[in-house]
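Chemist: coordinates only, no sequence provided:
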């Protein structure tokens with residue numbers, strides 16, 4: 001497995017129940033900004049190894065087009081986690097977005113400068 005794939009799976013596995021992140025947010029948290037599409041592919045290939053359903057697009061919309069793990073399945077799984085999902089497959093990111101704390105970022109083995117940049121971005 002590649003370092004990027006390992007990092008994505010680790011980051012997503014640490015997102016707590018009842019919270020969501022965006023694909024771009026995962027890419028940022030693993031140190032590869034602008035890799036949102038690649039995050040989606042990693043999650044698609046990972047099957048059920050991690051809670052992939054906790055990742056939505058940047059607007060909070062369920063955007064999966066996978067036939068095996070479709071949008072309705074993701075909606076059900078999010079609702080089982082306690083996340084409200086609208087009929088239009090939207091999650092309120094102001095309420096449900098996971099904002100990582102410093103100890104979370106430390107678990108991702110990022111360098112101190114990058115962690116500081118993320119902390120500044122998220123107001124931690």
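Modeler: Noted; the coordinates are in hand. Note that this is a predicted model, so its numbers are computed, not measured. Residues are numbered from 1 along each chain as shown.

Chemist: and the strands in this structure, which stretches?
Modeler: Per DSSP state E, the chain carries strands over the ranges 21-22, 55-56.

Chemist: so what touches the last one?
Modeler: The contact list for strand 55-56, computed with Cβ atoms under 8 Å, 6 or more residues apart in numbering, reads 12, 15, 20-23, 26, 39-40, 43, 62-63, 91, 93. Yep, even glycine has a C-beta here, placed from its N, CA and C like the rest.

Chemist: now do 6 Å
Modeler: 20-21, 23, 62, 91 (Cβ atoms under 6 Å, 6 or more residues apart in numbering).

Chemist: ok, now stretch 58-73?
Modeler: Identification of contacts with stretch 58-73 by Cβ under 6 Å, 6+ apart yields 22, 24, 56-57, 74, 89-91, 93.

Chemist: which secondary element of this structure has the worst mean pLDDT?
Modeler: helix 102-106 (a mean of 81; mean pLDDT, DSSP states H and E).

Chemist: distance check, residue 33 against residue 25.
Modeler: Separation of residue 33 from residue 25 (Cβ to Cβ, to the nearest Å): 10 Å.

Chemist: so which of the contacts of stretch 58-73 is the closest to residue 82?
Modeler: Nearest to residue 82 among the contacts of stretch 58-73: residue 91, at 11.4 Å, using Cβ to Cβ.

Chemist: got the contact list for that closest one?
Modeler: Neighbours of residue 91 in contact, by Cβ under 6 Å, 6+ apart: 20, 56, 60, 83, 85.

Chemist: measure it to residue 25 for me?
Modeler: 13 Å.

Chemist: next one: residue 123
Modeler: 14 Å.

Chemist: sorry, back to before: out of the strands of the chain, nearest to residue 116?
Modeler: It is, among the strands of the chain and with distance given as Cβ to Cβ, strand 21-22, at 19.8 Å.

Chemist: hmm, back to that, any idea which of the strands of the chain is most buried?
Modeler: Highest mean neighbour count among those (mean count of other Cβ atoms under 10 Å): strand 55-56, with a mean of 26.
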